[in-house]
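Trainee: Predicted model and sequence below, questions to follow.
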Protein chains: 2
Amino acid sequence: MGVTIKDVAKAAGVAPSTVSRVIADHPRISASTKKRVKKAMKEMGYHPNANARSLANKSSQSIGVVMPAGADKALQNPFFPEVLRGISSIAHKMDYSLLLNTGESTEEILEGVQRMVNSNRTDGIILLYSQLNDPVVNFLLEHDFPFVVIGKPYERIDEITHVDNDNVRGGKEITEHLIKQGHERIAFIGGSTDLVVTVDRMKGYQLALEEAGLPFLDEYRIHEEFLESGGQQAVNELFALPEPPTGLVVTDDLMSIGVVSMLEKCGKLVPEDISLVSFNNVYLSEITRPPLTTVDIKIYELGLQGAKCLIEKVKNKSEPAKRIIIPYQIEYRASTKEREVPFYK
Amino acid sequence: MGVTIKDVAKAAGVAPSTVSRVIADHPRISASTKKRVKKAMKEMGYHPNANARSLANKSSQSIGVVMPAGADKALQNPFFPEVLRGISSIAHKMDYSLLLNTGESTEEILEGVQRMVNSNRTDGIILLYSQLNDPVVNFLLEHDFPFVVIGKPYERIDEITHVDNDNVRGGKEITEHLIKQGHERIAFIGGSTDLVVTVDRMKGYQLALEEAGLPFLDEYRIHEEFLESGGQQAVNELFALPEPPTGLVVTDDLMSIGVVSMLEKCGKLVPEDISLVSFNNVYLSEITRPPLTTVDIKIYELGLQGAKCLIEKVKNKSEPAKRIIIPYQIEYRASTKEREVPFYK
DNA sequence: CTCTGTTATGAAAACGTTATCTTTATTGTA
DNA sequence: TACAATAAAGATAACGTTTTCATAACAGAG
């Protein structure tokens, strides 16, 4: 079972090496034998064995994709399938396979990555997240293994090729949108502060507030894992404040949906009672009620460029570390509203 | 670069074959040499080369995961990351890698699968969808290649191992919930009828109607790809009917969110004006407004069992085709409401 | 003591490619 | 016409494992 290069060679009356050269489209092969060999390959239904190739080549033609550790709901974020689509588009074009790695814990993830790398199963790795003190990044750096991160690395940023948005500016701009609409008390609801993306978006939020001379209050910042059920309480607290916010910056569309629904439980409507802006522009944010004003970070493009950089890096190990910033684009939809200024003002 | 089995052998003063036996935990190896070899492996930082193993073994220890063709939004369904999680959990446990295949078109998918199979990159394949006349299924059957489908195969059902829910019964039961609440005009909104899952759920819907003596009307069935923007019009038409429905069965949570929001545009509130039930119980359906009454199909479990069956099949090629039905569980939430019977009745 | 049978190892042949040398034809040049 | 240069193809050695077959050591049986 399985026709090999030798079989083809015999059938075409040439040496295996010649067949190999035909496969590789080597220049010094006569048109006639090339044709003959190709014919034999087709007739016999020959397909090169990838493992043998990888062994001889020391290259697996596959790239490892690492998802963050998420024992639960966190991975249900449509962000992931969408980056995967972007990555896949390039991988397919360049004839690379995709090796997927997930895990329930950081240790599991690390272990998986180590296996991929040590066993020569993959030529390069693409990280779909970036967090504080990531052992995976350290491992890859130590081993001088080609990788790129989607997002901004936490440290050694100049040594790590990454594809990111300008989340600080995005955060600033989207907050400014709220400010322009007359909002003065704007709260921030974000994911874990271990995630670089959360920190960046919050920085932008802070910057906008400061420039506008608005207060940047601790009570206005919530870093719950909103995907967990604890969110309701946090929202309650926010509105128990003497001066509750009228605007909300939320770092993720999925999270926003949860927030909108919690707000409603508190009797607050978006955008009538409170305005909300968000990030990612996942398909969801368009069909939800209200459609969200959100920073479109071009997820597909992030994946695509990430894969592209990685493949470049794999092909040329001395390729210098790059940073690629994908321009975001704000989608203005219906989740914000001009603030009605109290008449006595 | 890279310490090989030979290096270890030399260091431990044994033959490569002995090292190999130690790795495989062969019984006929003395405790002393086993210890010695293991020590050498550890000291030298030895890791077996997966490609070489695969070549010698004729087994790649990896399974291919095939996502449906979706050029666009369709893949943003959180269903996918969640099945992946389930698959991954088992794969990890059994030391299998995951090879991911996506594509924009059916041809691209098929091509990818053929490459995986022909090149010996994968030991088995798991399909994350099931549709009418799938060339991928045909290819795999023809080549007698181990695979399982998540969902119900369109044909040759007894020859194909698959993991599914009883979608007919689920569809029936959830529709009955609506009926019990007094709804008599119930419409169905589903994805493509090329998808077996759509057809099954609709069958259940139909069954429930018939048993209750309610009409099963063509005008009450919409098979738009709701993920595309055309949905609004379909909903409009539904409510332009002389007798518009008061209940809605929608085949997917993501789609439901779109529907709820379209309904609102038509001035209809869920559940006040119209009740809606759905399928999947994706995390989203819990945090949306209103939280959806939905059939929890246990996505994680589907993936997990699928992977388990596949690995069994890979290990034992003569394993007979199985069908595994994962019990669903209806989550009663707030998207339906007792129908107020008009007083004259 | 020899002979047979285990038990623990080693030697060497796969596995299916690619890549490095050779070798053999085929030119072109003096 | 002879000789170097080039083009096309073959032989063969990697690549790093596993596995089959062979063998040495040693125990137990007669």
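Mentor: Yep, that arrived. Numbers count the residues shown, from 1 in each chain, chains lettered A, B, ... in the order given.
Trainee: drop to CA atoms for contacts and neighbour counts, all remaining ones
Mentor: OK.
Trainee: quick one: contacts for the residue nearest the centre of chain A?
Mentor: In chain A, the centroid-proximal residue (Cα atoms, centre = their mean) is residue A:128; its distance is 4.3 Å. Neighbouring residues of residue A:128 by Cα atoms under 8 Å, 6 or more residues apart in numbering or on different chains: A:65-68, A:80, A:149-151.
Trainee: Quick check: residues of the stretch 51-200 of chain A near DNA strand D?
Mentor: Counting by Cα under 7 Å from any atom of the strand, the residues of the stretch 51-200 of chain A close to DNA strand D are A:52, A:55-56.
Trainee: now with 6 Å?
Mentor: Contacts of the stretch 51-200 of chain A with DNA strand D, taken as Cα under 6 Å from any atom of the strand, map to A:55-56.
Trainee: all strands for the stretch 51-200 of chain A, in order.
Mentor: Using DSSP state E, counting those that start in this stretch, the strands found in the stretch 51-200 of chain A span residues A:62-66, A:97-101, A:124-127, A:147-150, A:161-164, A:186-189.
Trainee: Quick one: list the elements packing against the third one.
Mentor: Counting contacts by 3 or more Cα pairs under 8 Å, 6 or more residues apart in numbering or on different chains; DSSP states H and E, strand A:124-127 is packed against strand A:62-66, strand A:147-150, helix A:299-315.
Trainee: need these in JSON lines with mean pLDDT, mean neighbour count and distance to residue B:217, can you?
Mentor: Putting the helices and strands packed on strand A:124-127 into JSON lines (pLDDT from 0 to 100; neighbours: other Cα atoms under 10 Å in any protein chain shown; distance: least, Cα to Cα, whole Å) gives the following:
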{"stretch": "strand A:62-66", "mean pLDDT": "97", "mean neighbour count": "24", "distance to residue B:217": "47"}
{"stretch": "strand A:147-150", "mean pLDDT": "98", "mean neighbour count": "26", "distance to residue B:217": "49"}
{"stretch": "helix A:299-315", "mean pLDDT": "97", "mean neighbour count": "23", "distance to residue B:217": "40"}
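Trainee: mind checking which of the ones you listed is nearest residue B:274?
Mentor: helix A:299-315 (35.0 Å; Cα to Cα).
Trainee: tell me, how many neighbours does residue A:215 end up with?
Mentor: Look at residue A:215: counted by other Cα atoms under 10 Å in any protein chain shown, it has 13 neighbours.
Trainee: Sticking with it, tell me its helix or strand.
Mentor: In the assignment (DSSP states H and E), residue A:215 maps to no helix and no strand.
Trainee: Which of the helices or strands spans the nearest residue to it once chain neighbours are set aside?
Mentor: Spatial nearest neighbour of residue A:215, excluding adjacent residues (Cα to Cα, 6 or more residues apart in numbering or on different chains): residue A:209 at 6.5 Å. Per DSSP H and E, residue A:209 falls inside helix A:196-211.
Trainee: try residue A:42
Mentor: Assigned by DSSP H and E, residue A:42 belongs to helix A:31-44.
Trainee: any idea how far chain B is from residue A:110?
Mentor: Note on residue A:110: its distance to chain B, by Cα to the nearest Cα, to the nearest Å, is 12 Å.
Trainee: can you count the residues close to that residue?
Mentor: By other Cα under 10 Å, neighbour count at residue A:110 equals 22.
Trainee: Looking at the nearest residue in space to it that is not next to it in sequence now. What's its pLDDT?
Mentor: Closest residue to residue A:110 apart from its sequence neighbours, by Cα to Cα, 6+ apart: residue A:136 at 5.4 Å. On pLDDT, residue A:136 comes in at 97.
Trainee: Ok, residue A:232 next?
Mentor: What the model reports for residue A:232 is a pLDDT of 72.
Trainee: Can you give me the buried ones in the helix or strand hosting it?
Mentor: Per DSSP H and E: residue A:232 is located in helix A:231-240. By neighbour count on 16 or more other Cα atoms under 10 Å in any protein chain shown, the buried set for helix A:231-240 is A:231-232, A:234-235, A:238-239.
Trainee: do the same with stretch A:177-194
Mentor: In stretch A:177-194, counting by 16+ other Cα under 10 Å, buried: A:177-179, A:181-193.
Trainee: Just the ones in helices from those residues, please.
Mentor: Counted as lying in helices by DSSP state H, out of these, are A:177-179.
Trainee: Please see if the host helix or strand of residue A:279 touches chain B.
Mentor: Using DSSP H and E, residue A:279 maps to strand A:275-280. No - for strand A:275-280, no contact with chain B is found by Cα under 8 Å from any Cα of the partner chain; the gap never falls below 12.5 Å.
Trainee: Who are the packing partners of that strand?
Mentor: helix A:167-180, strand A:247-250, helix A:253-265, strand A:293-296.
Trainee: In terms of mean pLDDT, which of these ranks lowest?
Mentor: The weakest mean pLDDT among the helices and strands packed on strand A:275-280 belongs to helix A:253-265, with a mean of 90.
Trainee: Quick one: closest of the helices and strands packed on strand A:275-280 to residue A:23.
Mentor: Nearest of the helices and strands packed on strand A:275-280 (Cα to Cα): strand A:293-296, 43.0 Å.
Trainee: Direction included, what does that closest one pair up with?
Mentor: strand A:275-280 (parallel), strand A:329-331 (antiparallel) (DSSP bridges).
Trainee: With mean neighbour count and mean pLDDT added, can I get those in CSV?
Mentor: CSV is the format used below for the strands paired with strand A:293-296 (neighbours: other Cα atoms under 10 Å in any protein chain shown; pLDDT from 0 to 100):
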stretch, mean neighbour count, mean pLDDT
strand A:275-280, 28, 97
strand A:329-331, 18, 98
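Trainee: Dump the ones you listed into JSON lines; add distance to residue A:293 as well.
Mentor: Converted to JSON lines, the strands paired with strand A:293-296 look like this (distance: least, Cα to Cα, whole Å):
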{"stretch": "strand A:275-280", "distance to residue A:293": "5"}
{"stretch": "strand A:329-331", "distance to residue A:293": "5"}
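Trainee: Out of these, the one nearest DNA strand D is which?
Mentor: strand A:275-280 (43.0 Å; Cα to the nearest atom of the strand).
Trainee: residues making contact with the closest one?
Mentor: Defining contact as Cα under 8 Å, 6+ apart, one finds that strand A:275-280 is touched by A:79, A:174-175, A:178, A:246-253, A:256, A:270, A:292-299, A:335-337.
Trainee: On the pLDDT front, check the residue in the stretch 101-250 of chain A that DNA strand D sits nearest to for me.
Mentor: Residue of the stretch 101-250 of chain A nearest DNA strand D, by Cα to the nearest atom of the strand: residue A:119 (7.6 Å). With respect to pLDDT, residue A:119 has a value of 96.
Trainee: Near it, how many residues? Count them for me, please.
Mentor: 18.
Trainee: same question, residue A:316
Mentor: By other Cα under 10 Å, 11 other residues sit near residue A:316.
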